[in-house]
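Novice: I need the structure of the sequence given here:
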Amino acid sequence: MARGTMRRRIPEHHAFICRMHLERIDSISGWVEQLTARIEEAMAPFQAARDFLTTIPGVNTIVADVLVAETGADMSRF
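Specialist: Presented below is the predicted three-dimensional model:
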């Protein structure tokens, strides 16, 4: 076992890396907001079906969006 102290980390480097990570998170958050707005726009004609599907236990808005995307909101088959 070595006796002694470990080399101290360079705090500026860690701050730089943290800033890079935070900028990346902010960038991705912006992309998510843009995509969410596009999805809301595309789902506007299917709002009634979306609202109806969310009354099913366990089906939230995202699952309702997927169901509408897969079935085209045509529930006559079911």
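Novice: now do the contacts for the most centrally placed residue in the chain.
Specialist: Closest residue to the average C-alpha location of the chain: residue 32 at 5.8 Å, with Cα atoms, centre = their mean. Neighbour list for residue 32: empty [criterion: Cβ atoms under 8 Å, 6 or more residues apart in numbering]. Glycine gets a C-beta too; all of them are placed from N, C-alpha and C.
Novice: over to residue 75?
Specialist: By Cβ under 8 Å, 6+ apart, the residues touching residue 75 are residue 49.
Novice: thinking again about what came up before, in which helix or strand does the residue nearest to the centre of the chain reside?
Specialist: In the assignment (DSSP states H and E), residue 32 maps to helix 11-43.
Novice: now that helix, how far from the centre of its chain.
Specialist: Between the centre of helix 11-43 and the centre of its host chain there is 10 Å, according to Cα atoms, centre = their mean, to the nearest Å.
Novice: which outside residues touch stretch 44-54?
Specialist: Residues from elsewhere that reach stretch 44-54 (Cβ under 8 Å, 6+ apart): 43, 59, 60, 61, 63, 64, 65, 67, 68, 73, 75.
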